[in-house]
Structures are given as structure tokens and as C-alpha cells.
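Asks: how would this look folded up:
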Amino acid sequence: MLERIFRLREHKTDVKTEILAGITTFMTMAYILAVNPSVLSAAGMDSSAVMLATCLASFIGTLCMGFMANLPFALSAGMGLNAYLAYTVVIRNGYSWQMALFAVFVEGIIFIVLSVTNIREALFNCIPLSLKKAVSVGIGLFIAFIGLQDAGIAVDSSTLVALVDFRVNFQTSGICALLAVIGTIVMAIMYIKRVPGSILIGIFGTWLLGIVCELCGLYVPAPAENYFSLIPSFGMTDFSALGLTFGQCFNLDFGAVDILNFVVVIFSFLFVDLFNTLGTLIGVASKADMLDEEGRLPGVKPALLADAIATSVGAVLGTSTTTTFVESAAGVSAGGRTGLTAVTTGVLFLVSMFLAPVFIAIPSFATAPALILVGFLMFSSVTQIKCDEENYTSAIPAYLCIIAMPLFYSIAEGISIGVISYVLINLFCGKAKKINPIMYVLSVLFILKYIFL
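Replies: Here you go, the predicted model:
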């Protein structure tokens, strides 16, 4: 039966290899089950509900990928996109998290339409490669900055931001920041040495080190200052918590919505999700030698459709944009070649629902190293941006896009500044031929946003 569904012999693989590859993929991306509730709780969402929604969305999306596209790619709540929802759409722009989830739902519906037509190619091709890479780099810096803040390493100061003084309040904020630094270094070492599940191990290892510090008296809980005991209290998963987010994306007062600004939010989700998904699919497929002679991925349309379905389903369940994870490369490296790898990973996400009390109890200083390291992995695309004098008209807009995201605390600002600057710089430097007509439309829309919003 498995042979008939996944065509294992055709892909020169077997059941054992595919299952082991699926387990490997899960180990490398299971950190999202700890990080996503931590990030979205900043928007006022219930951690338990977010964790359950993340498990279910990952399960459904990854199974869609496995059965619809027969590809070994796994999906879950995208890093950067969750930060954009919490810190930009909700905290900075003042939308409710219900409205933010509705934007994700609409983005998913639009993505479904784009995935069954050829419009996605037009959108993908209109954006210059330098800006596509810049978006990944900028998001990397943005989520790393969030990680530094969550850990208490980067703090407010007269210079806007500064390194924390570890000696002040050492038994609470000081020791937590120090543990995050240690966790980041250890996690990086394990990742460099290619330890399977290094990010997840790093999270639990940092947490365990914190528990040891509490038992030794180096860390002293102070509930009044939001520093709670690090020792978990194990119990049964409260599955009813899912009701706190399920279907809440439709519980809205549409009369209070600024349509133009809301469209910008939807476009930002769509833009990042679209290029993140295509880039991940092509990058991981290339590593697995799945691309054809023209560099195209057979089955890319059902893969994009699976990603889009997962996004909308995830929004209904109660999590940010569900997208294809680059960590799928770990399973591919372990020999995964078919959808059976994805199905295995998806089932493990479903089983993880029973461990919800453990994942949501992980403190932010333990998940912060994961944000910082994943930020580096996204930042690594910067080497693909050509910065020589001949490419200044592409490199400078990419640079502006990158620095705008962490400095203005917004992925959307980075995208809009990148698009506007690219059009203006190339137009006035006599390189109008480089500009796709759709870019003119996008830049005008973004300029109007700044004028009227």
C-alpha cells in the first residue's frame, strides 16, 4: 500500500529510510512547539491554545504535502511570520490577534488561488533576486533581535538599546540573560557539529540548566516581577484550551477595520509566505537533486497548494502562517525522498499534543537561543546579494530593506522601503529597464500608504 501511494522504488528509497528521515525532520523543527507559543503569547494569545493549534496545523499541512505532492517537506508556523503577527500587526499597529489571524486566513485563501493559477510566477518574477534575499536576511535580524529582547540580553537604555548589566538583579533577570548566552553558544556548537535535533536539545538543555540554578539558589523566583519557578508541574494536556483560539479569526468587528491598512497587512503576510515557500522548496529540492534540467521542481503546484491550505487551516485553529520549513533539509539529508517522510513528521506533531504542558512551560530565556540561531540561518542569505559597484542599484535597496526590519521593528516596513527604494534608485540612475512594471504598481501603493496612513 505504501509503495502504491508514495512510489518508493521509483524514488530509490524504502519504508525504513523514509520513517527515519521523518523523525530526523521532526527533531530539527520541533523547537517551534516551544517558540511559537512564546512569541504569540506576546500578542495576548493563550500559550496552551497556540501550542495545540501549532501541532494540529503542522499535522494537517504536512500530511497535505505528503499525500498531495509526495514530497518530503514538513510544515509548521513560520519563524518571522509569527513575530510579524505578534510584534508588528498586534503590538505595533494595534490590531487584535483575532484580526491578525483573519488576515492570515485571507492570505491563505489568496495563496490557494495563486497556487492553482500562473499568477504566482508573475509575482515571483517581478521581485528582483536581491530583494528576495534581503527579505530573508532582514527577517533573520528581526527575530534574532526579538530573541535578544526575550532573553533580557538587549534592554532599553538612553541609546534606545543596550547590553544588559548581568550584575543587576542577578538572581532573576541577570541569571536568565546569562543562561540564554550560554544556551546560544552551546546550541551553535551542536549545530556546527551537526548534532541531530541540536536546536531542540539546546532549548531543553538551557531550561535544565536553569532548573539546576534554581535548586542551587542562583535563580530565585519572583512572581511579582514575572519570574516564576522553572520546575515544571506535569499534568494532562487540556485539549479544551484550543477553544480559546479555534474559529476566533471570524469573531471580528469589521466596521472598525481600516481597509487600506488591512490590505497592506495581508500583502505583507502573502509576500513573505510566497517567497519563503518558493525559496525553501527550491533550496531543499536542489539539495535532494529533485529539480529537473530547467531547475524546476516537479509537483511544485500541489506543494504550494498544500502550503496554502495549511495557512488557512492554521489561522482557523489559532496560529500564525503555516509554511514549509527549511529544516526539511535535515530529513532529505537522511535519505527522505517521498511524502512518507512528511507523513511521519506530521504524525509526530500530532503525538506532541500530549506533551503540551511541557512545551508551554519552557521559559523565554530557553527559547531565545533558538530565535537567535534561526535568525543566523536566515541571515546567511546575505552572501548571495552582490554588493560590488556594478550592482549598487540592487544592493542598496536590499540593504535598506534589511536594516529597516529590525530597526523599525516591522517586516512590512522593510518590504515597502525595499520596493520603493529599488524603483526610485534604478529609475533615476537610468536603469528603468531593470524594473518590472508590477514593481511600479507596488511602489505607488506603498507610497500612498505612507501618505494616507
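Asks: contacts, neighbours, all on C-alpha from now
Replies: Will do.
Asks: for the closest residue to residue 242 other than its chain neighbours, which residues are in contact?
Replies: Using C-alpha to C-alpha, 6 or more residues apart in numbering and skipping residues adjacent in sequence, the residue nearest residue 242 is residue 49, 4.4 Å away. Applying C-alpha atoms under 8 Å, 6 or more residues apart in numbering to residue 49 gives the contacts 241-245, 318.
Asks: quick one: residue 49 is in a helix?
Replies: Yes: Residue 49 sits within a helix when classified using DSSP: H, G, I helix; E, B strand; the rest coil.
Asks: can you tell me how far it is from residue 150?
Replies: As judged by C-alpha to C-alpha, to the nearest Å, residue 49 and residue 150 stand 21 Å apart.
Asks: please apply the same query to residue 113.
Replies: Between residue 113 and residue 150 the distance is 37 Å, computed by C-alpha to C-alpha.
Asks: and the next helix or strand past the helix or strand hosting residue 416?
Replies: Here residue 416, judged by DSSP states H and E, is contained in helix 411-428. Sequence-wise, the next helix or strand downstream of helix 411-428 (DSSP H and E) is helix 437-452.
Asks: angle of that next one against helix 411-428?
Replies: Relative orientation of helix 437-452 and helix 411-428, computed by axes from the mean of the first three to the mean of the last three C-alpha atoms, to 10 degrees: 120 degrees.
Asks: hmm, who's touching helix 437-452?
Replies: For helix 437-452, contacts defined as C-alpha under 8 Å, 6+ apart pick out 123, 126-127, 260-261, 416, 419-420, 423.
Asks: need the buried ones from those selected in PyMOL.
Replies: The buried residues among the contacts of helix 437-452 can be selected in PyMOL (16 or more other C-alpha atoms under 10 Å) with this line:
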select buried, resi 123+127+416+419+420+423
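Asks: what about residue 113 and residue 150, which has more around it?
Replies: Remark: of residue 113 and residue 150, residue 150 carries more neighbours, 24 against 15, as counted by other C-alpha atoms under 10 Å.
Asks: who touches the residue nearest the centre of the chain in this structure?
Replies: In the chain, the centroid-proximal residue (C-alpha atoms, centre = their mean) is residue 79; its distance is 1.6 Å. By C-alpha under 8 Å, 6+ apart, the contact set of residue 79 is residue 143.
Asks: sorry, back to before: other SSEs contacting the helix holding residue 416?
Replies: Packing contacts for helix 411-428, counted by 3 or more C-alpha pairs under 8 Å, 6 or more residues apart in numbering; DSSP states H and E, involve helix 129-150, helix 259-287, helix 392-407, helix 437-452.
Asks: one step back: distance of the residue nearest to residue 242 relative to residue 362?
Replies: Residue 49 sits 15 Å away from residue 362, going by C-alpha to C-alpha.
Asks: check residue 305 too.
Replies: From residue 305 to residue 362 the distance is 33 Å (C-alpha to C-alpha).
Asks: got it, and residue 309?
Replies: In terms of C-alpha to C-alpha, residue 309 sits 30 Å off from residue 362.
Asks: do the same with residue 420
Replies: In this view, residue 420 and residue 362 are 41 Å apart by C-alpha to C-alpha.
Asks: what does residue 426 give?
Replies: Taking C-alpha to C-alpha, one finds residue 426 at 48 Å from residue 362.
Asks: tally of neighbours for residue 441?
Replies: 10.
Asks: cool, and residue 395?
Replies: Residue 395, neighbours per other C-alpha under 10 Å, totals 20.
Asks: so what's it closest to, chain neighbours aside?
Replies: Nearest to residue 395 is residue 387, by C-alpha to C-alpha, 6+ apart, at 5.4 Å.
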